[in-house]
Every structure is written in structure tokens, then in C-alpha cells.
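**Student:** Attaching a predicted model along with its sequence, questions to come.
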Amino acid sequence: MTLLCLWLTDAKAIIANGSIAPDFTVTDIYGVTHNLYDYCDSGYSTVIDFSATWCNPCWNYHLSDALDDVYSTYGPSGSNQLRVIFLESDPGTSLADIHGTGSSTLGNWSGTADFPIVDLSNGNIPYAYGVSGFPTVGIVCPSKKFYNIGTMSANGIATFMDNYCPVAQGANNVELTPYYGSTVGCYDIDPFVRLVNMGTNPLSSANISLSLDGSLQQNISWTGNLPPYEDQIVYFNSIVPVGNQSMQINVDYPNGFTDADPSNNATAATISLSSTTTQSNVTCTVTTDDYGYETYWEITDESGNLVHYGGNANASPGAQGASSGDYNAYIGNSTYSANISLPTEGCYTFTIIDDFGDGMCCNYGPGSYTLIDDMGNTLLSGGQFSAIESTEFLRVSNNILTVRAKIALEGAMESSLMRTDLRDKGLLPTFQPFTSAPWHYGGIENASWFPTNAVDWVLVELRTGISANSKVAEKAGILLSNGEIVDPSDPSDGLLFSGLNTASSYHVVIRARGHLDVMSKSAVNFSTGSWYDFTTSSSKAYGSSQMKYVNGKYALLAGDSNGDGLNNYSDFNQYLSDPSALLVLLPWDYDCDGYVTVLDYNLYKANYSRFAVSEVRF
């Protein structure tokens, strides 16, 4: 068991292992200046010993010569991999105590030490690291990551450094740190990633990609100038998750070369849209930890206006300036509840702050928070965070938006109506068929029966703009022979969407198997009750030449069997894989009659090299 000399009356937790170490600059007792990040950028691991001259366990560790030995072997006079900084961390001691001549000392600390010793004049650095007792010994790697290692032997420190503090390896080596960006949003997610140069050459370029559920969404050809161990935040375009989705971010080809160490080239997270409520009232319940006065929370609306708050308004993230005597400060280990009115529909942000920077749970009491609506639905909950946590939630109308859209499929047009052979021959699946590539749609739409005039399933997207990143909703519907798209649960009138602002306008995207996808020319306000009819004019679709005039109607172009938005040899190769299939549901059955024949090939051939607009292509 390691003995510690307690120091602070409000003892707190050391910063988390693997977190980024706070930078500092200090001057040792011989007048030499040391900057932590300079050591990191030079490729050194740095051992930091927080001690006090009056502390018996500190003195015993000092006399063990562990730091002297590791400094001698791996420091400037050895292999030059490591630095050691001894921080005398009690501002009440003096330089005389370090030299063993003061009144608060156990001996001459400087007499046998070859490494730098610093006499701190204040507690800022120990506070920044969350030091609660002496000795606290940590190591900061070249990547600036901190680990609390305790009073290890010299061999233990060397082994730890080898295992956890990689040095620049190879000329070209790029790393992605674990993802710590936003994972939940009302309308979209703004992902970013931290890029670190772990090569010996300056990093000038790299390829960074973002995928959702294994499907590539964005690719960034990054350029810059990062010296070894330096890092940069790289931002992606906003994305709109559908349900819970796995987001993977990868980096490769540093400076155009194969990465010397590909083991650190990926990071991942699960992302989703925020919790949604139709209720105008919510209840926030906060249970404090031992240090209730460090907690403050607030709810703001979409414009940043304050809706409600609780706790100590003097608390700031990690500032350590709050006190138990502050106005409205919470008492430790107590529960507080507040009923809150959400005045309008829209996105709200719940933010909770811990003044010390170690969250509410769980080393100093089981602190927690919950936000529950009037129907008993839990919108938010938590307690384990560092200095601040912000989470969005959405209040929506409890009305249903009926999207009324009409299309025609070129292949299915046999008169002014489309054929219903797939339905008549029992080939339509009861569960929506868009779960696989390229759609990867996770909806659970299911049809217990099909109307007699059903043609096929289609997938409908609603967007606030024209880009894929502006998608706010998606649902599979049933296409009828007259072109109407209806809901599988109620095929009487349009496709039903919940959780949307019914007064807003949306671009509608229609995806149909075996045909090129289309998007409405303009945003449509469906609250008027009118049908948006793609079949009446080519100008109804975004872009030029996106439909073909067939039997008096404008129809989606046949020939895109793989759904990538391009009619090319890839589609032809799929057709060739089974050009005479009978009574099976295949995307190269372009005429939707249940048979693959030369008639399907003719549809493909007529539209070869046609393509959908880039905004709707996968």
C-alpha cells in the first residue's frame, strides 16, 4: 500500500489516465527554465514528482533513488529519452527546506538529486493536475498524454515508458486520438478528429475518411505542416445520423506514403440524433456528490437564450473558484428538482458544469442528473464527465406530417399507370428492403398487406437543404400504380412522418430500386395538403434531364441496379449475373414484372451513361 501525505482539505481526483496533460513552464532552483510541451515536442517522456519537503513517504521515495537512477539511464546523460522534474508543491515551504536547512524539511533534497528541482510558489500546477496528496508521481508522454504511475522503481518507470509512451516511429506515421467530439445532436452532428504526427518527418499531408456503418461518407485530403508530436483538429461536414450509427474515422498515406505504424490510424464512436419529446414541460433532478457547491446547470433554447438554471452560478468549468457560501450553491449529497417549461418547439441544450473539473460521479459520491418529460420519458441522464457536459434534446410537435409525393418509374409504365406484377405474383417483401448497401436504412417499416395497386417499395428522404448532410428524416413507403407514395401502416393518404416541424418546408428525395434517384427542385411545404407531383414536369426534379417522358408522364430513369446513381457497366454486370431469372425480386428487373429478360437490358441500354445529380448519389 502506498502512503500519501494529505495536502488539500478538498481532496480531489488526479486527472484521468490518457488525458492531455496541462502545460506548464517552471524555473528550477538553479535558474534553468523548463517547459513541459517543449519536452513533449522534442520526443521526451517527462516524469513529474509532486512532493513536499515535510512528507515522509516523499522522502522515502526520494531516498530510493528511483528517479535518480531512471534519470541517469534515460536522461540527457543516458539514452536521452526522458526528463524528470521534481515539483516541491507546498507553497508554504522555502528554498532552505529543499536544501535541508529550513524548519519544514526531512533532509537535503537537492544534495543527491541530478534532476531539476522546482520550488513552486503557488498551487496552480498541482491543482491543474488534481493532486490531492504527496507524493503523486506521473509521466507525460511525447503525445502529451498523462498517466499516474505512483512510486515506481526505475525499472518500472522504464517499462511503463516503453509500453505506453511511443516515440516517433518511422519517417511517416500519423495517429488519430480517441474520438471525443459530439455524438448526439438535434438535427445533425459536427464531427472532428485530432490528428497527431508520430513520424520523424514533418507531416504535410494525409487522407482522412469518415464512414457510417461501413459506408464512406466523407473524405478529406488534409494538408498542413505538423512537426513530430504536434497535433491539429480536423473538422468534417455535418452529418445526420439515422438511428444509432457506428461512425468510423480513418487516416492513411501520411505524406503520400504507407504509414509506418497503422495500428493507431482509426477511431470510432456511436452517434445518434438527440432525444425527442412532444411535451412542453420537463423535470430536471440533480443529486450532488460530496461537493455540491461545484455544480451548476442550465437549459438554453436554440438561440442561446436562458430557459432555466440551478446550482451555483459562480461555478465555471474546472476553474476551482466556487465555494459553499456562494448564493444558490447546492449542498453535498442532496437531491434537487426543478419543473421547467419549454416555451416553443425546437432544439434545447442542457449544460452541466463542475467547478473543480472532475464531474459528479463517482469517487466523491454518486452524483447524477436526469431530465424527464411529463410522460415519464428520460431525455437525458449522466454524472460522469470532467469539467462540463452539454447535450441537446428536441421538443417537437405531436402532429403528424403527411408527405404527399407522386412519381413514375420508367420501367413499370405500361400505360398511364404502372404495372403491379410484383404485388400480384407475391414477390414484394413485407419488410422494407433497403437495409443493405447502398442505403443502409435501419427503419422497421412493415406491410401486413399490400393494396391491390401496389407497385414496389420506395425510400423517401426529407432534407432541409439539398445536401445529404441536411437529411432530417427517412422512411420507406409503398408506391401505388397511380404514382402516389403511401404509408405501409395506412395506405390511404401519403407517407406519415412524426417528430418534425409540420410548418417547415423540405426537399424530398425519392429512391426506387432499379432507377435513378430524384430530389424535388425546391423545398416543399406539405402542410398545405397538396401533392408534389414529379410526373407533371421535368422541372419538378432538381438538376437537368433527371426524368424521361413516358406515356404522358415524367418518370425516373431505369437502369441503376446497384443504386449508386450511375448507369454504367457495373449495372450491366449485375444484369449479366442472372439475365433470365424467373419470379424473383431483383433490382435489374427494371420493368418490375418479376422476370429478367432482354426487355430489361433494353431499358438499361437506352439510359446508359445517364446519372443522378451528385447530391443524391451515394
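**Tutor:** Yes, it's here.
**Student:** Quick test: name the residue nearest the centre of this structure.
**Tutor:** Thr183 (3.7 Å; C-alpha atoms, centre = their mean).
**Student:** can you pull the pLDDT of that residue?
**Tutor:** With respect to pLDDT, Thr183 has a value of 90.
**Student:** tally of neighbours for the residue lying closest to it once chain neighbours are set aside?
**Tutor:** Distance criterion C-beta to C-beta, 6 or more residues apart in numbering; nearest residue to Thr183, sequence neighbours excluded, is Ile271 at 4.8 Å. Backbone N, C-alpha and C define where each C-beta goes, glycine included. If you count neighbours by other C-beta atoms under 10 Å, Ile271 ends up with 23.
**Student:** tell me the phi and psi of Ile271?
**Tutor:** The phi and psi values for Ile271, taken as degrees, to the nearest 10, are phi -120, psi 160.
**Student:** For the longest helix anywhere in the chain, which outside residues touch it?
**Tutor:** Longest helix in the chain, counting residues (DSSP state H): helix 154-164. Helix 154-164 is contacted from outside by 45, 47, 65-67, 69-70, 73-74, 81-82, 139, 141, 145, 147, 149, 152, using C-beta atoms under 8 Å, 6 or more residues apart in numbering.
**Student:** Which residue ranges of the stretch 401-550 of the chain form strands?
**Tutor:** Using DSSP state E, counting those that start in this stretch, the strands of the stretch 401-550 of the chain run over 405-406, 454-463, 471-480, 485-486, 495-498, 507-512, 514-515, 518-519, 532-533, 547-550.
**Student:** How about the last one, which residues are buried there?
**Tutor:** Neighbour counts over strand 547-550 (16 or more other C-beta atoms under 10 Å) mark 547-548, 550 as buried.
**Student:** And for the third one?
**Tutor:** Neighbour counts using 16+ other C-beta under 10 Å place 471-480 of strand 471-480 among the buried residues.
**Student:** can you tell me which of the contacts of helix 154-164 are in helices?
**Tutor:** Reading helices off the contacts of helix 154-164 with DSSP H, I get 66-67, 69-70, 73-74.
**Student:** need these in CSV with neighbour count and pLDDT, can you?
**Tutor:** Converted to CSV, those look like this (neighbours: other C-beta atoms under 10 Å; pLDDT from 0 to 100):
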residue, neighbour count, pLDDT
Ala66, 21, 95
Leu67, 24, 97
Asp69, 16, 96
Val70, 24, 97
Thr73, 16, 97
Tyr74, 22, 97
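**Student:** wait, doesn't Tyr229 sit right on Leu195?
**Tutor:** No. Counting by C-beta atoms under 8 Å, Tyr229 stays clear of Leu195, with 11.9 Å between them.
**Student:** quick one: low-confidence ranges for the protein?
**Tutor:** Applying pLDDT under 70 to the chain flags the ranges 1-13.
**Student:** And the longest strand anywhere in it, what's buried?
**Tutor:** Determined from DSSP state E, the single longest strand within the chain is strand 215-226. Residues of strand 215-226 classed as buried by neighbour count (16+ other C-beta under 10 Å): 217-218, 220, 222, 226.
**Student:** I'd like the strands of the stretch 401-550 of the chain as JSON lines, with distance to Ala52 appended.
**Tutor:** Listed next are the strands of the stretch 401-550 of the chain as JSON lines, based on distance: least, C-beta to C-beta, whole Å:
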{"stretch": "strand 405-406", "distance to Ala52": "73"}
{"stretch": "strand 454-463", "distance to Ala52": "61"}
{"stretch": "strand 471-480", "distance to Ala52": "58"}
{"stretch": "strand 485-486", "distance to Ala52": "74"}
{"stretch": "strand 495-498", "distance to Ala52": "62"}
{"stretch": "strand 507-512", "distance to Ala52": "65"}
{"stretch": "strand 514-515", "distance to Ala52": "75"}
{"stretch": "strand 518-519", "distance to Ala52": "68"}
{"stretch": "strand 532-533", "distance to Ala52": "74"}
{"stretch": "strand 547-550", "distance to Ala52": "79"}
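**Student:** got the CA coordinates for stretch 151-170 in PDB?
**Tutor:** Only the C-alpha atoms of stretch 151-170 are listed here, as PDB (Å, rounded to 0.1, in the frame of the first residue of the first chain):
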ATOM      1  CA  THR A 151       6.100   5.500  -6.800                       C
ATOM      2  CA  MET A 152       7.600   3.100  -9.300                       C
ATOM      3  CA  SER A 153      11.100   1.700  -9.300                       C
ATOM      4  CA  ALA A 154      13.500   2.900 -12.100                       C
ATOM      5  CA  ASN A 155      12.900  -0.300 -14.000                       C
ATOM      6  CA  GLY A 156       9.100   0.000 -13.600                       C
ATOM      7  CA  ILE A 157       9.200   3.600 -15.000                       C
ATOM      8  CA  ALA A 158      11.400   2.400 -17.900                       C
ATOM      9  CA  THR A 159       9.000  -0.500 -18.700                       C
ATOM     10  CA  PHE A 160       5.900   1.800 -18.400                       C
ATOM     11  CA  MET A 161       7.600   4.300 -20.800                       C
ATOM     12  CA  ASP A 162       8.300   1.600 -23.300                       C
ATOM     13  CA  ASN A 163       4.700   0.300 -23.200                       C
ATOM     14  CA  TYR A 164       2.700   3.500 -23.000                       C
ATOM     15  CA  CYS A 165       4.800   6.300 -24.400                       C
ATOM     16  CA  PRO A 166       5.600   5.600 -28.000                       C
ATOM     17  CA  VAL A 167       8.100   7.800 -29.700                       C
ATOM     18  CA  ALA A 168       8.100   8.900 -33.300                       C
ATOM     19  CA  GLN A 169       8.400   5.700 -35.300                       C
ATOM     20  CA  GLY A 170       9.400   5.800 -38.900                       C
END
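**Student:** Strand partners (parallel or antiparallel) of the next helix or strand after the longest helix of the chain?
**Tutor:** Following helix 154-164 in sequence order, the next helix or strand is strand 174-176 (DSSP states H and E). Strand 174-176 has these partner strands in its sheet, going by DSSP bridges: strand 192-197 (antiparallel).
**Student:** Check which element follows the partner strand along the chain.
**Tutor:** Using DSSP H and E, the helix or strand that directly follows strand 192-197 along the chain is strand 203-212.
**Student:** what about the closest residue to Ile388 other than its chain neighbours, distance to Gly357?
**Tutor:** Leaving aside its chain neighbours, Ile388 sits nearest to Pro317 (4.1 Å; criterion: C-beta to C-beta, 6+ apart). In this view, Pro317 and Gly357 are 7 Å apart by C-beta to C-beta, to the nearest Å.
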